[in-house]
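Q: dropping the sequence and predicted coords here.
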Amino acid sequence: FVKTGISSKDRSPENLLHHSILEFAKAYVKYQRINNKLKTQDTILAIRAIEKICLERYGGVDLTKLVIADFDLAAENAKENYKESSAYHVGRQLKIVLDFIRKLKIVILPEWKNPIKKPSDKSIVLDEKSEEYRASKLPDQDAIFALADIFSRKDSELSDRDIFVTSAASLLLAAPERASELFFLKCDCLYEEEIQTASMSDLGLMAADYNVERAVGIRWYAQKGYGYDIKYIPSVMIPTVKRTIERLIKLSEKPRHLAHLLETSDKFPRHELCPAVPDAQLLKRSEVLLAMGFDFSSYENSYMANQSGIAFLRSRGIPILDNIVCLNDLNIILRNRLPKGFPYIPFKTGNGIQIKWSEALFSCFHNQFRSDRITVFSELWMPRIETLNEDLAPTRKKKRNGELVNVQSIFQRWGFGNYSVSTHQFRHLLNTIANTNGMDSLLLAKWSGRADMKQNRVYDHTTVEDRNYSLIEMQKNEVGAINTDSTFKFQIA
């Protein structure tokens with residue numbers, strides 16, 4: 001419930017909607033969500049637009065005194081400050097809110113129509129503007145080649161963060177999944193089976209022979225109605241996907257093992273850094289640090305190791321003196337710091353999906369991807385879609401003083417400059433390739449985890465040239481007459 005142009009995360013008092021409309025906004029959004037299944041991010045658009053105009057004209061919002069000119073100005077303001085499709089959407093929501101207050105007789109006004117025209121379908125590329133739109137929806141080809149180059153390096157040359165980013169990109173280029181669904185993958189997600197394919201006779205009339213081929217798929221969890229489903233991988237991507245899964249299994253092996261120890265025993269989890277001492281034996285500070293997953297040996301400077309170790313213990317409420325705590329004491333502290341819902345991962349999306357830390361393909365340790373901080377081998381952490389997106393483009397994060405933070409994207413780290421791609425562009429790319437090559441609409445929707453086939457069109461950015469070529473090929477092959485023995489004619493589609 002913030003003003004137009006303000007991030008929803010910035011909820012400081014001066015950025016909230018004006019008090020004269022705030023309570024109505026809350027009630028209206030809730031009503032539309034419950035009764036008409038309208039999303040909050042949609043219904044709030046009209047409220048913000050009306051508030052902006054009323055504050056400029058009257059200094060406050062009085063719904064009973066609204067006039068048609070207020071809605072006209074709100075729509076005009078949307079045209080000036082939003083892209084075409086977003087402005088049209090604001091206009092639609094303005095009409096919905098006006099119809100709502102007219103129905104409740106809050107105002108007596110004539111019917112109003114959205115003055116903003118629906119933008120033309122830019123997925124059919126006909127002009128320069130549409131070509132720019134198409135380019136914005138598809139990933140930069142050079143950026144994909146750069147990711148492939150980095151992925152091809154030896155494991156020893158890659159950091160854990162590099163492995164995470166290139167592996168995630170590889171999986172998203174193998175199936176058109178939403179990037180958030182990456183983190184629902186389990187370590188046994190790879191599926192393989194042998195299938196029988198027929199070799200046809202020259203005329204294609206009957207199977208002359210059968211071949212056995214190995215099909216490879218991934219068990220993805222789609223949030224929009226499909227649940228877990230096997231998405232088969234194009235054969236050209238099979239070696240890449242297998243290597244990707246191997247790398248991620250290795251990357252998550254130790255975090256998953258720690259989670260397994262915590263799940264299967266109430267004792268202190270004896271990970272590889274844990275000192276080999278009895279559970280009740282009092283520990284030196286160095287032993288406490290190792291037990292809590294702090295590897296001070298990774299510091300080159302002993303003074304820095306000592307100071308960092310002390311800060312680490314204090315931040316967790318652990319005494320810094322020798323012979324104060326034992327593993328039994330640390331066991332309580334460690335378990336109190338486990339992620340909410342352990343042994344299950346607390347996903348914010350996924351409709352309540354339950355995946356254990358011990359089986360998740362992307363399970364990691366705290367600070368595992370940080371080059372400026374030490375990895376904590378006793379604390380679990382899961383990367384998010386933001387973690388991935390932040391590494392696929394130059395950073396936009398700023399310090400409190402307004403300066404950009406000193407964080408490099410994967411392209412910058414590897415000397416490829418300021419390339420930028422988004423995870424959703426991979427999804428658009430695979431859908432466009434599938435459309436260009438004639439994939440059935442129902443199959444494409446299922447492959448993409450999409451509940452409505454009509455949404456396929458939004459992801460289709462086939463060029464005019466490709467459409468014309470496909471049409472010509474279809475017309476050429478639509479009917480082919482083959483004479484066999486002057487008695488039969490066969491139609492080959």
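A: Sure, I can see it. Since the model is a prediction, treat every value here as computed from it, not as a measurement.

Q: can you pull the contacts of residue 93?
A: Taking CB atoms under 8 Å, 6 or more residues apart in numbering, we find residue 93 in contact with 42, 43, 45, 46, 49. For glycine as for every other residue, the C-beta is placed from the backbone atoms N, C-alpha and C.

Q: and residue 214, how far is that from residue 302?
A: From residue 214 across to residue 302, the span is 54 Å (CB to CB, to the nearest Å).

Q: now swap in residue 320 and tell me
A: 16 Å.

Q: higher neighbour count, the two?
A: Under the criterion of other CB atoms under 10 Å, the comparison of residue 320 against residue 302 puts residue 320 first, with 14 against 9.

Q: confidence score at that one?
A: At residue 320, the model reports a pLDDT of 95.

Q: tell me the secondary structure for it?
A: coil (DSSP: H, G, I helix; E, B strand; the rest coil).

Q: wait, what's in contact with it?
A: For residue 320, the contact set (CB under 8 Å, 6+ apart) comprises 285, 310, 313, 314.

Q: and the closest residue to residue 317 other than its chain neighbours, what element?
A: Nearest-residue entry for residue 317: residue 333, 6.9 Å, with adjacent residues in sequence omitted and distances by CB to CB, 6 or more residues apart in numbering. Assigned by DSSP states H and E, residue 333 belongs to helix 327-336.

Q: that helix: what's the following helix or strand?
A: strand 364-366.

Q: can you give me the mean pLDDT across that following strand?
A: For strand 364-366, the mean per-residue pLDDT is 97.

Q: mind showing which ranges of the chain have poor pLDDT?
A: Low-confidence segments of the chain (pLDDT under 70): 5-11, 120-131, 133-135, 197-210, 223-227, 397-406, 444, 447-493.

Q: can you pull out the strands in it?
A: For the chain, the strands defined by DSSP state E occupy 190-200, 207-222, 227-232, 364-366, 376-381, 481-483, 489-491.

Q: quick one, the third one and strand 207-222 angle?
A: Note on geometry: by axes from the mean of the first three to the mean of the last three CA atoms, to 10 degrees, strand 227-232 and strand 207-222 are set 140 degrees apart in direction.

Q: now residue 176: phi and psi?
A: Dihedral pair for residue 176: phi -80, psi 70, per degrees, to the nearest 10.

Q: quick check: nearest residue in space to it, chain neighbours excluded?
A: residue 430 (4.0 Å).

Q: residue 342 versus the one you found, what's the distance?
A: 35 Å.

Q: next up, the contacts around residue 273.
A: Shown in contact with residue 273 (CB under 8 Å, 6+ apart): 290, 291, 293, 295, 377, 378.

Q: considering these, which possesses the most neighbours?
A: residue 291 leads the contacts of residue 273 on contacts (other CB under 10 Å) with 25 neighbours.

Q: that residue touches residue 328, doesn't it?
A: No: counting by CB atoms under 8 Å, residue 328 is not a contact partner of residue 291; they are 11.0 Å apart.

Q: overlap in contacts, these two.
A: Common neighbours of residue 291 and residue 328 (CB under 8 Å, 6+ apart) are residue 268.

Q: now do the end-to-end distance for stretch 62-76.
A: End-to-end distance for stretch 62-76: 20 Å, by CA to CA, to the nearest Å.

Q: buried ones in it?
A: Using 16 or more other CB atoms under 10 Å as the test for burial, stretch 62-76 gives 66, 70, 71, 73, 74, 75, 76.

Q: show me what that stretch is in contact with.
A: With CB under 8 Å, 6+ apart as the criterion, stretch 62-76 contacts 20-21, 24, 46, 49-50, 52-54, 57-58, 87, 90-91, 94, 98, 101, 106-107, 109-110, 112, 114-116.

Q: quick one: the closest residue to residue 174 other than its chain neighbours from residue 377, how far?
A: Of all residues not flanking residue 174 in the chain, residue 237 sits nearest, at 4.4 Å (CB to CB, 6+ apart). Note on residue 237: its distance to residue 377, by CB to CB, is 33 Å.

Q: in contact with residue 29: list those residues for me.
A: 40, 43, 44, 47.

Q: was I right about residue 338 contacting residue 262?
A: Yes: with contact defined as CB under 8 Å, residue 338 counts as touching residue 262 (7.0 Å).

Q: those two: who's more crowded?
A: Higher neighbour count among residue 338 and residue 262: residue 262, with 23 against 14, using other CB under 10 Å.

Q: hmm, residue 261 is touching residue 255, no?
A: No: counting by CB under 8 Å, residue 261 stays clear of residue 255, with 10.9 Å between them.

Q: so the two - more neighbours on which side?
A: Neighbour count, other CB under 10 Å: between residue 261 and residue 255, residue 255 has more, with 24 against 16.

Q: once you drop chain neighbours, what's closest to the more buried one?
A: residue 363 (4.2 Å).

Q: the one you found: neighbour count?
A: When counting by other CB under 10 Å, one arrives at 28 neighbours for residue 363.

Q: and it, what does it touch?
A: So residue 363 contacts 252, 255, 256, 259, 357, 380, 382 (CB under 8 Å, 6+ apart).

Q: how close does the third one sit to residue 364?
A: Shown here: residue 256 relative to residue 364, a distance of 10 Å by CB to CB.

Q: got it, and residue 139?
A: Taking CB to CB, one finds residue 139 at 25 Å from residue 364.

Q: so who does residue 100 touch?
A: 28, 32.

Q: strand 207-222 and the longest helix along the chain, what's the angle between them?
A: Criterion DSSP state H: the longest helix present in the chain is helix 238-264. On the basis of the same axes, to 10 degrees, helix 238-264 is oriented at 40 degrees to strand 207-222.
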